[in-house]
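Participant: I would like the atomic coordinates for the input below:
(chains A and B)
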Amino acid sequence: GAVVSQHPSWVICKSGTSVKIECRSLDFQATTMFWYRQFPKQSLMLMATSNEGSKATYEQGVEKDKFLINHASLTLSTLTVTSAHPEDSSFYICSAITRPGPQHFGDGTRLSIL
Amino acid sequence: QQPVQSPQAVILREGEDAVINCSSSKALYSVHWYRQKHGEAPVFLMILLKGGEQKGHEKISASFNEKKQQSSLYLTASQLSYSGTYFCGTGGGNKLTFGTGTQLKVEL
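Facilitator: The predicted model follows:
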């Protein structure tokens, strides 16, 4: 149980394009989803907290207009990296919870911007 | 502020024990422990919710010292499958701040 699917697994695109990453809870309803960014050999850095039907809460230093988050339903949250540039290249991971407790992570998306 | 983990990295021979520490500059209300293998998603190990609590999961256990704002993860009789990077996560409510990470490698 508690399976989170993230798509795509990896994406390579040109500088200036926008990229959408999906995070789905497959067998449970997620009241809250989180989006993290992880650089090689570093920790997970929380970017934003997403609650169904409401605006995402972004962490300090994260550009809201750059990283658009939509939590349209209790099973789906999306992260759109707008006008992506090489410095946006990273490993992006989502997680989901049903209640306070363990976070269930997706497999992550490796984003490379050329 | 990000919790600090020690050691940063450790290499073990199969069957040896290890302790990973997580120290926070802020008061701790709960501590989560996760293991992440290279290129994969973090996997939940355990959560400690109150001071002094100790929890076990097979040969992996953890303690939580609320006063010292610390948690420790104990791995006994390590197996090759224990290799990975271990993260503690701290916070109140649902949001977690992950620690600096500890890379653990178990060799034959």
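Participant: please pull out the lowest mean pLDDT helix or strand from the chain.
Facilitator: Picking chain A for this. Least confident helix or strand, chain A: strand A:67-73 with a mean of 91, by mean pLDDT, DSSP states H and E.
Participant: my question was about chain B, not that one.
Facilitator: Min over SSEs of chain B, mean pLDDT, DSSP H and E: strand B:54-57 (a mean of 70).
Participant: which helices and strands does it pack with?
Facilitator: Applying 3 or more C-beta pairs under 8 Å, 6 or more residues apart in numbering or on different chains; DSSP states H and E, we find strand B:54-57 packed against strand B:43-48, strand B:60-65. Any C-beta I mention is one placed from the backbone N, CA and C, and that applies to glycine too.
Participant: redo these as CSV? Include mean neighbour count, mean pLDDT and distance to chain A.
Facilitator: Below are these laid out as CSV (neighbours: other C-beta atoms under 10 Å in any protein chain shown; pLDDT from 0 to 100; distance: least, C-beta to the nearest C-beta, whole Å):
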stretch, mean neighbour count, mean pLDDT, distance to chain A
strand B:43-48, 18, 91, 4
strand B:60-65, 19, 91, 13
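Participant: can you check which of those gets nearest to A:Ala56?
Facilitator: strand B:43-48 (23.0 Å; C-beta to C-beta).
Participant: give me the residues contacting that closest one.
Facilitator: A:101-105, B:30-37, B:54-57, B:60, B:62-64, B:71, B:73, B:86 (C-beta atoms under 8 Å, 6 or more residues apart in numbering or on different chains).
Participant: ok now the least confident helix or strand of chain B, how far from the chain's centre?
Facilitator: Taking C-alpha atoms, centre = their mean, to the nearest Å, one finds the center of strand B:54-57 at 12 Å from the center of the full chain.
Participant: that one pairs with which strands, parallel or anti?
Facilitator: strand B:60-65 (antiparallel) (DSSP bridges).
Participant: now the strand it pairs with against strand B:43-48, angle please.
Facilitator: Using axes from the mean of the first three to the mean of the last three C-alpha atoms, to 10 degrees, the direction of strand B:60-65 lies 40 degrees away from that of strand B:43-48.
Participant: quick one: is the next helix or strand after strand B:60-65 near chain A?
Facilitator: Using DSSP states H and E, the helix or strand that follows strand B:60-65 in sequence is strand B:70-75. No: Strand B:70-75 stays clear of chain A (C-beta under 8 Å from any C-beta of the partner chain), getting no nearer than 15.2 Å.
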